[in-house]
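Asker: no FASTA, just this:
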């Protein structure tokens, strides 16, 4: 009798090849702040105001907002909003979201999404019924007649397919920052202690010295105290020093809602400047620029002047360039502090207000 034999797949392996589809993209966000919206109402259906032109993926865009609606059909019932294609190669496909932000920067539930291919420069796409006027008035009543339109825009490139070689070795992402974060959390090898307020913080001298020239001079310079066990830090909140240490070890800020507050960001900028952490100072500047409003602009401007934060100062002066805004700001306690602590800045404000449009 014959004997059946089973041939295993190990003896005859099945050939295998792979390919993958890649779609490159570029994403960016632009915020268009609208102050005193009620003054824009009544300009008429079909009339619009637009944001400045912003660039995403090499293409120019702006946001068009119609306070009284895109047409007579929508007058008094809706505010209309559109994304306009200003410059670049035609035929660009995009995904975008337009949403309204509240005064505190939180995204409201008033937002819409779309995907569109722009075939001509000057073309626009969006919603004639972007938001109903009653819902908009409710938002305005809670936010001092102001809101921000946020556009999150993604440029989609043409997809392409490529072969995947089985010889490719996947390279793990860098996790250096995680190891340093563990060093800070676990406490192994720590050799210096800081007293900040009513809290103690332990750290590694070498890490601090490598990241900050100020710490290097304090811990290893000629004037260092070789026997010192605890260094006292004055004029700083424990939460700010904790965030400072986290940044020194990980090059990033800890996830904390408190650090998104204007006051905490101001203190963080001061701490970064004090210890020569230029990247942290710049990050704080960027976040403060995004949070300028009537109540905070004066104190933020004073801070920018005292710590030589040029871009932050420029942003504050730009916000104050309107006489209507300046009249309101002058009534705040922050403006009184500004005039007392930085009297020379008043001339800069007056020069900005008096400058011709576009300067």
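Answerer: Sure thing, it's come through. Everything numeric here is computed off the predicted structure, so don't read it as measured data.

Asker: CA only for contacts and neighbour counts going forward, please
Answerer: Will do.

Asker: just the strands in the stretch 251-359 of the chain please.
Answerer: In the stretch 251-359 of the chain, no strands are found when defined by DSSP state E, counting those that start in this stretch.

Asker: how about the helices in it?
Answerer: For the stretch 251-359 of the chain, the helices defined by DSSP state H, counting those that start in this stretch occupy 262-274, 278-289, 297-306, 310-319, 323-329, 333-341, 345-354.

Asker: what about residue 189, how many residues nearby?
Answerer: The number of residues packed near residue 189 is 12, by other Cα atoms under 10 Å.

Asker: what's the weakest-modelled helix or strand in this structure?
Answerer: helix 345-354 (a mean of 71; mean pLDDT, DSSP states H and E).

Asker: same for that helix, what does it pack against?
Answerer: helix 310-319 (3 or more Cα pairs under 8 Å, 6 or more residues apart in numbering; DSSP states H and E).

Asker: so where is the protein shaky, pLDDT-wise?
Answerer: 1-11, 166-168, 223-228, 257, 352-359 (pLDDT under 70).

Asker: still on that earlier bit, could you check the angle the least confident helix or strand of the chain makes with helix 333-341?
Answerer: 120 degrees (axes from the mean of the first three to the mean of the last three Cα atoms, to 10 degrees).

Asker: picking up where we left off before, out of the helices of the stretch 251-359 of the chain, flag the one nearest residue 116.
Answerer: Closest approach to residue 116 among those is made by helix 278-289 (30.7 Å; Cα to Cα).

Asker: residues contacting that closest one, please?
Answerer: For helix 278-289, contacts defined as Cα atoms under 8 Å, 6 or more residues apart in numbering pick out 247, 260, 262, 265-266, 268-270, 272-273, 300, 309, 311-312, 315-316.

Asker: ok, now with 10 Å
Answerer: 212, 244, 247-248, 251-253, 259-275, 291, 296-297, 300, 304, 307, 309-316, 319 (Cα atoms under 10 Å, 6 or more residues apart in numbering).

Asker: type out the PyMOL command that picks the buried ones from those.
Answerer: To isolate the buried ones among the contacts of helix 278-289 in PyMOL, judged by 16 or more other Cα atoms under 10 Å, type:
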select buried, resi 212+244+247+248+251+252+253+259+260+262+264+265+266+267+268+269+270+271+272+273+275+291+296+297+300+304+309+312+313+314+315+316+319
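
Asker: list the contacts of the closest residue to residue 189 other than its chain neighbours.
Answerer: Leaving out its chain neighbours, the residue that sits closest to residue 189 by Cα to Cα, 6 or more residues apart in numbering is residue 204, at 7.0 Å. Residues in contact with residue 204 (Cα under 10 Å, 6+ apart) are 183-184, 187-193, 249.

Asker: show me which of those residues is closest to residue 117.
Answerer: For the contacts of residue 204, with residue 117 as the reference and Cα to Cα as the criterion, the closest is residue 249, at 44.2 Å.

Asker: all set now, cheers.
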